[in-house]
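Trainee: Okay, here's the prediction I keep looking at, along with the sequence it came from:
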Amino acid sequence: MCYWGEEMLLQRDCSLRTLTEGDLTKILNWRNKFEIRQCMFNDSIISIDEHLDWFNKLKNDPHRMTMIYEYKEKPAGVINITQIDKKNSKCYWGFYLGEGALPRYSGLAMGYLGLNFIFEKLGINKLCSEVFIFNKSSLKYHQKLGFVEEGYFKKHVFKYGDYHDIICWAIFNDNWLGKKLDVAKQCFGGEEK
């Protein structure tokens, strides 16, 4: 992810909140952008009816939630938390920035807030992620946040006329506690609440 802006990123300008119905049009437009959907397992264009169905199911599903990343109180990105398993204290995530004119490190700041939420608010022990091997920016992103590679699925997903490999990543709560100050320094120059 490369979002270069002249403005310095301050933690007080970045926040996470729960998705609301008022966000649906904006995130549907983001989700249907080619540069976002090309890295999704489901890369088809989503209709408004499919989107509304997804939202209605999300509201009643204790195993997933969607958060909106805001920059200066304006929606800028999405974090999807899925397969929430309270018994085993683990879940998966997916994310994307929808807005392009954001300060440098906005994506990393979104990850910082997301990991804090997942580990501190949800009390999760292990966060998992699956990334296409061709998505180099997401692979680097996970490394910067402190994820480690746990597995490799060869020819796992068929898209664009070929099979693609997937790398499985994970980070544990205690590893995040040891990494979060370094990530805060990268994002905010050391400013941490």
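Mentor: Great, that's in hand. Residues are numbered from 1 along each chain as shown.

Trainee: What's opposite residue 126 in the beta bridge?
Mentor: residue 90, residue 172 (DSSP bridges).

Trainee: Just give the number of residues close to it.
Mentor: Neighbours of residue 126 under the rule other CB atoms under 10 Å: 18. Quick note: C-beta positions are derived from backbone N, CA and C, even for glycine.

Trainee: what does residue 53 give?
Mentor: Neighbour count of residue 53, defined by other CB under 10 Å: 12.

Trainee: what does residue 163 give?
Mentor: Residues near residue 163, counting by other CB under 10 Å: 11.

Trainee: so is it in a helix, a strand, or just coil?
Mentor: Secondary structure for residue 163, judged by DSSP: H, G, I helix; E, B strand; the rest coil, is strand.

Trainee: Can you list the buried residues in stretch 41-48?
Mentor: residue 46 (16 or more other CB atoms under 10 Å).

Trainee: after the worst-scoring helix or strand of the chain on mean pLDDT, next one along is what?
Mentor: Least confident helix or strand of the chain, by mean pLDDT, DSSP states H and E, is helix 34-37 with a mean of 91. Tracing the chain past helix 34-37, the next element assigned as helix or strand by DSSP states H and E is helix 48-59.

Trainee: Mind giving me the packing neighbours of that following helix?
Mentor: Contacts defined by 3 or more CB pairs under 8 Å, 6 or more residues apart in numbering; DSSP states H and E place helix 48-59 against helix 24-31.

Trainee: can you give me the angle the helix it packs on makes with helix 48-59?
Mentor: Orientation of helix 24-31 against helix 48-59 (axes from the mean of the first three to the mean of the last three CA atoms, to 10 degrees) gives an angle of 110 degrees.

Trainee: Quick check: buried residues in helix 24-31?
Mentor: Using 16+ other CB under 10 Å as the test for burial, helix 24-31 gives 26-28, 30-31.

Trainee: farthest-separated two in those?
Mentor: 26 and 31 (9.6 Å; CB to CB).

Trainee: Residue 144 and residue 187 touch, don't they?
Mentor: No: with contact defined as CB atoms under 8 Å, residue 144 does not reach residue 187; the gap is 9.9 Å.

Trainee: which one of the two has more residues nearby?
Mentor: With neighbours defined as other CB under 10 Å, residue 144 and residue 187 compare such that residue 187 has more, 26 against 19.

Trainee: And the more buried one, how far from residue 13?
Mentor: As defined by CB to CB, to the nearest Å, residue 187 lies at a distance of 11 Å from residue 13.

Trainee: Quick check: neighbours shared by residue 144 and residue 187?
Mentor: By the contact definition CB atoms under 8 Å, 6 or more residues apart in numbering, residue 144 and residue 187 are jointly contacted by residue 108.

Trainee: Enumerate every residue touching the residue nearest the centre of the chain.
Mentor: Nearest to the geometric centre of the chain sits residue 95, at 2.4 Å (CA atoms, centre = their mean). The neighbourhood of residue 95, defined by CB under 8 Å, 6+ apart, consists of 69, 77-80, 110-111, 114.
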